[in-house]
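Chemist: model this:
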Amino acid sequence: MSLDFTPDHLEIERRVEALLFAAAAPLSLAEIARRLPQGADVGGALTALQARYQGRGVELDCVAERWRFRTCLLYTSPSPRDLSTS
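Modeler: Numbers count the residues shown, from 1 in each chain. Have a look, this model is predicted:
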């Protein structure tokens, strides 16, 4: 009896999401791929996750070919209320 499990695209997205949230630093496509089953569509998973998180409080961002989750810039800049001295 074989217990082969071939993850579908949603499972790959979940695994990529978990890897990025748990990573101490941004990860390259190759670093993500090394942690997934051979042949996993890492690029497709990143594209889907980026679309899913776009406009939310946390966004998926790629800088210098390395992927990371970050707080949406809308919520990181100080508001006039934050700058108030009263």
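Chemist: Counting neighbours, what do you get for residue 47?
Modeler: Around residue 47 there are 13 other residues, counting by other C-beta atoms under 10 Å. C-beta coordinates here come from the backbone N, C-alpha and C atoms, glycine included.
Chemist: just residue 10 next, same as before
Modeler: There are 10 residues near residue 10, going by other C-beta under 10 Å.
Chemist: Tell me the confidence at it?
Modeler: Per-residue pLDDT puts residue 10 at 95.
Chemist: any idea which element it lies in?
Modeler: Assigned by DSSP states H and E, residue 10 belongs to helix 9-22.
Chemist: Tell me the helices and strands packed up against that helix.
Modeler: helix 29-34, helix 42-53, strand 66-71 (3 or more C-beta pairs under 8 Å, 6 or more residues apart in numbering; DSSP states H and E).
Chemist: per-residue confidence averaged over the second one?
Modeler: Averaging the model's pLDDT scores along helix 42-53 yields 97.
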